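> Quick one, what's the 3D model for this:
(chains A and B)
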Amino acid sequence: DQQVKQNSPSLSVQEGRISILNCDYTNSMFDYFLWYKKYPAEGPTFLISISSIKDKNEDGRFTVFLNKSAKHLSLHIVPSQPGDSAVYFCAASGAGAGGTSYGKLTFGQGTILTVHP
Amino acid sequence: ETGVTQSPTHLIKTRGQQVTLRCSSQSGHNTVSWYQQALGQGPQFIFQYYREEENGRGNFPPRFSGLQFPNYSSELNVNALELDDSALYLCASSPGTGFKKLFFGSGTQLSVL
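Next up, the predicted model:
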C-alpha cells in the first residue's frame, strides 16, 4: 500500500530552467508534507515543507505547492543549477489519526533530478 | 553543533547472523527514529524511540529491535538476517516526538550475503 507516490523515477533539466517534481498521496489524514534531497553516500537533507492549511510555501529558489483536493504536491526549483542534481523524496506525516504520526514520515520512492550545464 | 552520526558506514553479514547498528542523535534531540531504505525505494519507518521506550513501530517483524540510552543515542538490532535485509539503514533525530522535521544521519549500508 504505497500511500505516497512519486511517479517519475527521473527528470532531466537544463541549467537555468525550471524543475518540477511531483508527488501524490492517498491518506487524507496526512496534513504535513516535506521534501528531502539526498546526495550519494549522504543522508536525506530537509529542503522545504508545507502544512495542509497552506497551498504554497516558498524558500529562495524552491517552492512547494499543495493541492489538497487532488492529494497532490509539487516542488518547483527555479532556476535549476547543476548542484541541484540529487534524489528528491517527498514525505508526509499527520497528527496521529489514520495511522499517521508527526514522528513517522511516509516517503515516496524518490525522483532522480539531473541538471545539465 | 554535532549532527546525527551513525556507525559503521558499511557492513557485510551472512544470512542468519545478527547485526547491531549505532546512532548518536543531534545535540539536544531526545527522539530517535530508524528507517530502512531498500535500493530504488524511499526510506521506510521501522520504529521510534523516546525516553528509552519504543514509541511507534512500522511494519517490521520482531527480529528488528532497538534500544535508546540515557544520552539519547540508539541501537538497531536485527536478528536472523535475511537477504532482503540488505539496505541502507538511516537514523533520524528530532527535539521531540511531535516535531515535524527529522534530521538524518548518513546511514549504514548493510549487505547480507
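
> How about the residues of chain B by chain A?
Proximity of chain B to chain A (C-beta under 8 Å from any C-beta of the partner chain) is limited to residues B:4, B:31, B:33, B:35, B:40-45, B:48, B:55-56, B:58, B:90, B:92, B:94, B:97-107. Glycine gets a C-beta too; all of them are placed from N, C-alpha and C.

> May I see the ChimeraX selection of the buried members of those residues?
Restricted to buried positions by 16 or more other C-beta atoms under 10 Å in any protein chain shown, the ChimeraX selection for the residues of chain B next to chain A reads:
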select /B:4,31,33,35,42,43,44,45,48,55,56,58,90,92,94,97,100,101,102,103,104,105,106,107
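
> okay, now the residue lying closest to A:K56 once chain neighbours are set aside: neighbour count?
Closest residue to A:K56 apart from its sequence neighbours, by C-beta to C-beta, 6 or more residues apart in numbering or on different chains: A:F65 at 5.5 Å. Per other C-beta atoms under 10 Å in any protein chain shown, the neighbour tally for A:F65 reads 17.

> Check whether A:F65 sits in a helix, strand or coil.
strand (DSSP: H, G, I helix; E, B strand; the rest coil).

> correct me, but it touches A:E58?
No - taking contacts as C-beta atoms under 8 Å, A:F65 lies outside contact range of A:E58: 9.8 Å.

> Run through the strands of chain A in chain order.
Per DSSP state E, chain A carries strands over the ranges A:4-5, A:10-14, A:19-25, A:30-38, A:45-51, A:56-59, A:62-67, A:72-77, A:86-94, A:106-107, A:111-116.

> Sweet, I'm off.
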